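Chemist: Following is a predicted model, sequence given first.
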Amino acid sequence: MSDRAELVVATGNEGKLREIRAILTDLPVRWRSLAEFPECVLPEEGDDYRENALVKARVAARATGRLAVADDSGLEVEGLGGRPGPHSARYGGPDLDAAGRVAHLLEEMRGLEGAARDARFVCIAAWATPEGASGTAEGECRGRILDAPRGQGGFGYDPVFWSSELEACMAELDDAQKNAISHRGRAFLALREVLLGRIRSR
């Protein structure tokens with residue numbers, strides 16, 4: 001394997017970038033951010049996690065000439081019929097920041113109790129090469145939506161997501177705890193061996 005092996009993370013979300021690098025920290029690569037390749041413009045996302053993730057990885061791989069990874073993830077709430085789903089990052093409109101989207105979610109859920117507050121985070125992680133090879137893996141994390149934000153960590157909807165597995169709010173976990181049980185952690189760890197093989201072959 002060349003010491004110059006590089007892996008591009010196809011996201012403009014700094015929180016996602018940090019998490020993916022931490023999850024796959026032992027991969028022998030030089031990590032590259034999409035911000036280093038301003039000529040690479042990712043397409044608008046649609047309604048399918050897998051297709052969204054694959055398109056982002058393929059576009060980044062072709063544009064940069066490097067192995068690329070991407071993901072598409074979302075929060076699905078039982079009482080909202082699975083919303084916000086693939087539209088989680090834009091829920092409530094493009095003008096809202098993360099705190100605004102959380103507030104919008106809680107307003108939508110006003111009056112929902114019991115099983116209606118059950119939720120899951122879903123992630124499809126994808127990889128692609130400039131030559132056109134690609135693949136995906138899926139991860140999920142189950143829990144419920146709290147009545148109000150808690151904790152200082154994480155990002156996105158973490159402050160209102162209670163993990164059933166650890167019995168704690170996602171925003172109260174340290175990075176290692178979160179990555180061990182998160183939807184993104186599980187999806188990218190499932191890709192680790194495939195990525196390692198691709199890196200070694202480049």
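Modeler: Arrived safely, thanks for sending.
Chemist: Am I right that Ala119 is in a strand?
Modeler: Yes: assessed with DSSP: H, G, I helix; E, B strand; the rest coil, Ala119 lies in a strand.
Chemist: Near it, how many other residues are there?
Modeler: 24 (other CB atoms under 10 Å). Using the backbone N, CA and C atoms, a C-beta is placed for each residue, glycine as well.
Chemist: and what of Leu75?
Modeler: 28.
Chemist: what about whichever strand or helix holds it, distance to the chain center?
Modeler: Using DSSP states H and E, Leu75 maps to strand 67-77. Computed by CA atoms, centre = their mean, to the nearest Å, the chain-centroid distance of strand 67-77 equals 4 Å.
Chemist: Which elements pack onto that strand?
Modeler: Applying 3 or more CB pairs under 8 Å, 6 or more residues apart in numbering; DSSP states H and E, we find strand 67-77 packed against strand 6-9, helix 14-23, helix 49-64, strand 84-85, strand 118-128, helix 183-201.
Chemist: Now the lowest-mean-pLDDT helix or strand in the chain: buried residues?
Modeler: Lowest by mean pLDDT, DSSP states H and E among the helices and strands of the chain is helix 14-23, with a mean of 89. Buried residues in helix 14-23, counting neighbours by 16 or more other CB atoms under 10 Å, are found at 16-17, 19-21, 23.
Chemist: Kindly report the same for stretch 63-82.
Modeler: Those would be 63-64, 66-80, for stretch 63-82 by 16+ other CB under 10 Å.
Chemist: re the thing from before, pairing partners for the strand holding Leu75, with directions?
Modeler: strand 6-9 (parallel), strand 84-85 (antiparallel), strand 118-128 (antiparallel) (DSSP bridges).
Chemist: On the pLDDT front, check the residue lying closest to Ala126 once chain neighbours are set aside for me.
Modeler: Distance criterion CB to CB, 6 or more residues apart in numbering; nearest residue to Ala126, sequence neighbours excluded, is Ala53 at 3.8 Å. The confidence metric pLDDT takes the value 96 at Ala53.
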